[in-house]
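K.L.:
after the sequence you'll find the predicted model.
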Amino acid sequence: MSGGLVALLDDVAAMARLAAASVDDVAAGAAKAGAKAAGVVIDDAAVTPQYVTGVKPARELPMIWRITKGSLRNKLLIIVPILLVLSTFLPQVLTPLLMLGGAYLSYEGAHKVWEKLRGKHAERDEEPTQVKGRAAEDTVVRGAITTDFILSCEIMVISLNEVGAETLLTRAIILVVVAIGITALVYGAVAIIVKMDDVGLAMTQRPRAAAQRVGRALVTAMPHVLDGLAIVGTFAMLWVGGHILLVGMSDLGLSLPYDLVHSLETPVAGIAAVGGLLAWLVNTLCSMVLGFIAGSLVLGVISLTPLGTKGH
């Protein structure tokens, strides 16, 4: 009897170790996948606050919550199931699909750079947006969820590409974890960003001088924080998009661009202490250049079509 109990306890311990290993695999896979999607995440966090510009403060968080729920529905009910089916039955389409997403990211990044260079971005930012009434709010939320769908597709495809060698169940769990985690991260950050100026304004009305100074600093800093996020997001999109194209071309047999970048990394990779960082910077810079060139080409092609004449 005692021997059977010991065997049972051994089995339970083995199952516990297996479960712990599975959790570790999921956590490691989710972290790896989420890190690769960081560029799109930053851009998502930078883009979303514009949708609550002109909204009454009392409606800002409810609108962000509605967009958050729409984003989760997009990921969990549409994007993840479709990607799991493709990864199981048509895995060969994932690299071209990923490259298509990379081209889109590069296009978005290049479009923003050219807008900035031409001064159009500033002109558009000067036009205030006023959201009044439930119908107008619904329209804004739908637009935000549609934009989120495109960015979410990119996030989940990038994530899937990082865990493609895992089992179907592990892939599914990792994608669900990434979907929930990134959505919470993005819209949690957006909620904080959107309300920080209100927090600062409230602090300026407190009796203590120190609180007033902090409040004024917050109110003054937030527009610059948003501008900084937008810049970081743009360059992150060019970097991620260019790197996807670089690796994708190599996977499809066109290895010359990747080999060229690797040859530029090699001389600096051996430098003591900073070689790894320098090699990464070289790769990142080359990816950004490729992303800008590819995105500019796509932008040029689109500008020649009827779609391009209607604006981005």
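P.N.:
Happy to help now that I have it.
K.L.:
tell me where the stretch 201-312 of the chain has helices.
P.N.:
Assigned by DSSP state H, counting those that start in this stretch, the helices in the stretch 201-312 of the chain fall at 209-251, 256-269, 275-303, 306-309.
K.L.:
ok, residue 143 to residue 66 distance?
P.N.:
Distance of residue 143 to residue 66, computed by C-beta to C-beta, to the nearest Å: 12 Å. C-beta: built from backbone N, CA, C; applies to glycine.
K.L.:
circling back: would you reformat the helices of the stretch 201-312 of the chain as a markdown table and include mean neighbour count and mean pLDDT?
P.N.:
Converted to a markdown table, those look like this (neighbours: other C-beta atoms under 10 Å; pLDDT from 0 to 100):
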| stretch | mean neighbour count | mean pLDDT |
| --- | --- | --- |
| helix 209-251 | 19 | 85 |
| helix 256-269 | 14 | 91 |
| helix 275-303 | 18 | 92 |
| helix 306-309 | 10 | 62 |
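K.L.:
okay if I get these as a markdown table plus distance to residue 178?
P.N.:
Below are those laid out as a markdown table (distance: least, C-beta to C-beta, whole Å):
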| stretch | distance to residue 178 |
| --- | --- |
| helix 209-251 | 15 |
| helix 256-269 | 26 |
| helix 275-303 | 22 |
| helix 306-309 | 31 |
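K.L.:
how about those, which one is nearest residue 187?
P.N.:
Each of the helices of the stretch 201-312 of the chain has some distance to residue 187 by C-beta to C-beta; the shortest is helix 209-251, at 14.2 Å.
K.L.:
quick one: the closest one to helix 275-303, angle?
P.N.:
Helix 209-251 and helix 275-303 are oriented at 80 degrees to each other (axes from the mean of the first three to the mean of the last three C-alpha atoms, to 10 degrees).
K.L.:
circling back: more neighbours: which of residue 143 and residue 66?
P.N.:
residue 66 (18 against 12; other C-beta atoms under 10 Å).
K.L.:
pLDDT at that one, what is it?
P.N.:
Residue 66 is assigned a predicted lDDT (pLDDT) of 92.
K.L.:
pretty sure it contacts residue 141?
P.N.:
Yes. Under the criterion of C-beta atoms under 8 Å, residue 66 makes contact with residue 141 at 5.0 Å.
K.L.:
per-residue pLDDT, the nearest residue to residue 294 once chain neighbours are set aside?
P.N.:
Among residues not flanking residue 294 along the chain, residue 106 sits closest, at 4.5 Å (C-beta to C-beta, 6 or more residues apart in numbering). Residue 106 is assigned 91 on the pLDDT scale.
K.L.:
tell me how far residue 164 lies from residue 247.
P.N.:
13 Å.
K.L.:
circling back to that earlier point, who's in contact with the residue nearest to residue 294?
P.N.:
Contacts were defined as C-beta atoms under 8 Å, 6 or more residues apart in numbering; by that measure residue 106 touches 237, 238, 241, 242, 245, 290, 291, 292, 294, 295, 298.
K.L.:
distance of it from residue 154?
P.N.:
Applying C-beta to C-beta, the value for residue 106 to residue 154 is 11 Å.
K.L.:
tell me which helix or strand residue 85 sits in.
P.N.:
Assigned by DSSP states H and E, residue 85 belongs to helix 80-89.
K.L.:
from the contact counts, what lies against that helix?
P.N.:
helix 94-118, helix 133-162, helix 168-204 (3 or more C-beta pairs under 8 Å, 6 or more residues apart in numbering; DSSP states H and E).
K.L.:
distance of the residue nearest to residue 284 when sequence neighbours are not counted from residue 105?
P.N.:
In space, and not counting its chain neighbours, residue 284 is closest to residue 239: 5.4 Å by C-beta to C-beta, 6+ apart. Going from residue 239 to residue 105 by C-beta to C-beta gives 9 Å.
K.L.:
and residue 68, by the same measure?
P.N.:
22 Å.
K.L.:
between the two, point out the one with more neighbours.
P.N.:
Between residue 68 and residue 105, counting by other C-beta under 10 Å, residue 105 is the more crowded of the two (30 against 21).
K.L.:
how about the closest residue to that one other than its chain neighbours, what does it touch?
P.N.:
Using C-beta to C-beta, 6+ apart and skipping residues adjacent in sequence, the residue nearest residue 105 is residue 241, 3.3 Å away. Each residue near residue 241 by C-beta under 8 Å, 6+ apart is listed here: 39, 101-109, 291, 294-295.
K.L.:
that's all I had, so thanks and see you.
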